[in-house]
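Student: could you look at this predicted model? Sequence included:
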Amino acid sequence: MNIIENEITKNADLKYQEFSKKIIKDVIVKVRAPKAKEIAKKYANTLLGQEFIDCLPHKSTDENNVHGFMLGYIKTNDVYEIINKIEKFLPYIDNWGTCDFTVSNLKIIKKYPKIFKKMANKWLKSKKCFIKRFAIDIYLSYFLDDNFEEDDLLKISKIDSNDYYVNMALAWYFSVALVKQYQKTVNVFIENKIINVWVHNKAIQKSCESYRINQDIKLYLKSLRR
């Protein structure tokens, strides 16, 4: 296990550490995401990797990032093995970077959408900020295309939180939904279904900053601000 920790330490980038302070608050990140992902892929299906995943808590956010990426590289025919490992890891996620990195690499969700939607619904009920954000990220990343259901929009619109990182994830979710499922999503805004007004307005702001939405639609969305 020390081999993985040493490799993480060896790839520390002090310039990136200074940059990361500006975007990921309250934690120290020294290893760039592509390098953390590379390390994760290298060890995911080795004995060292298994020992690393089983050894919680880790000593640093960089180790957590490698752990998160590693979950997406584990080769198994048992989806519940991955879910079990995710559930053990979730309480240790303490920043949006680790949260989003982990979700981004969980391609197994595409293979088992029904199972992961059930799990995401469970995680949505968590009182912990980053577990709830984790669930929203899953909906954002994996349930706005082929597996989209209109009921998802209504379910997520009912989430009301005081956590900034939860609300930002919600805003991103609805802004991307406006790109991928415009007609059904815009009705959520027209009918003021989103409980949290800040999320409603922030989602419109993010949509208006997107290159994937045309100017006429942007003007209309601005008229829907509350």
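Tutor: Thanks, I have the structure now.
Student: so, low pLDDT: which residues of this structure?
Tutor: Scanning the chain with the threshold set as pLDDT under 70 gives 1.
Student: can you rerun that using 80?
Tutor: Counting by pLDDT under 80, the low-confidence segments of the chain come to 1, 25.
Student: for the longest helix that it contains, packing partners?
Tutor: Longest helix in the chain by number of residues (criterion: DSSP state H): helix 164-180. Other helices and strands packing on helix 164-180, by 3 or more Cβ pairs under 8 Å, 6 or more residues apart in numbering; DSSP states H and E, are helix 96-104, helix 129-142, helix 150-157, helix 182-190, helix 197-208. Every residue, glycine included, has its C-beta placed from N, CA and C.
Student: does S126 lie in a helix or a strand, and which?
Tutor: Here S126 sits in a region with no helix or strand, counting by DSSP states H and E.
Student: wait, it sits on A120?
Tutor: No. Counting by Cβ atoms under 8 Å, A120 is not a contact partner of S126; they are 10.7 Å apart.
Student: can you list residues touching both of those two?
Tutor: Both S126 and A120 are contacted by A135, under the criterion Cβ atoms under 8 Å, 6 or more residues apart in numbering.
Student: which one's more surrounded, those two?
Tutor: Taking neighbours as other Cβ atoms under 10 Å, S126 and A120 compare with A120 leading, 21 against 16.
Student: touching, the more buried one and S141? I think so.
Tutor: No. Distance between A120 and S141: 10.4 Å, which falls outside the contact criterion (Cβ under 8 Å).
Student: contacts for the longest helix of the chain, please.
Tutor: The list of residues contacting helix 164-180 from outside it, by Cβ under 8 Å, 6+ apart, reads 96, 99, 129-130, 132-133, 136-137, 139-140, 144-145, 148, 153, 156-157, 159, 161, 185-186, 188-189, 194, 196, 198-200, 202-207, 210, 212-213, 221.
Student: again, 6 Å this time
Tutor: Identification of contacts with helix 164-180 by Cβ atoms under 6 Å, 6 or more residues apart in numbering yields 96, 129, 132-133, 136, 140, 144, 161, 185, 199, 202-203, 206-207, 212.
Student: give me the neighbour count for the closest residue to F143 other than its chain neighbours.
Tutor: The shortest distance from F143 to any residue that is not its chain neighbour, by Cβ to Cβ, 6 or more residues apart in numbering, is 5.8 Å, and that residue is D152. Using other Cβ under 10 Å, D152 has 20 other residues around it.
Student: next one: I4
Tutor: A count of neighbours around I4, defined by other Cβ under 10 Å, yields 23.
Student: who are the contact partners of it?
Tutor: For I4, the contact set (Cβ under 6 Å, 6+ apart) comprises Y43, L48, F52.
Student: run a quick neighbour tally on the nearest residue to A44 once chain neighbours are set aside.
Tutor: Taking Cβ to Cβ, 6+ apart as the measure, A44 lies nearest to Y73, with 3.5 Å between them; neighbours along the chain are not counted. Residues lying near Y73 (other Cβ under 10 Å) number 18.
Student: thanks again, I'm all set now.
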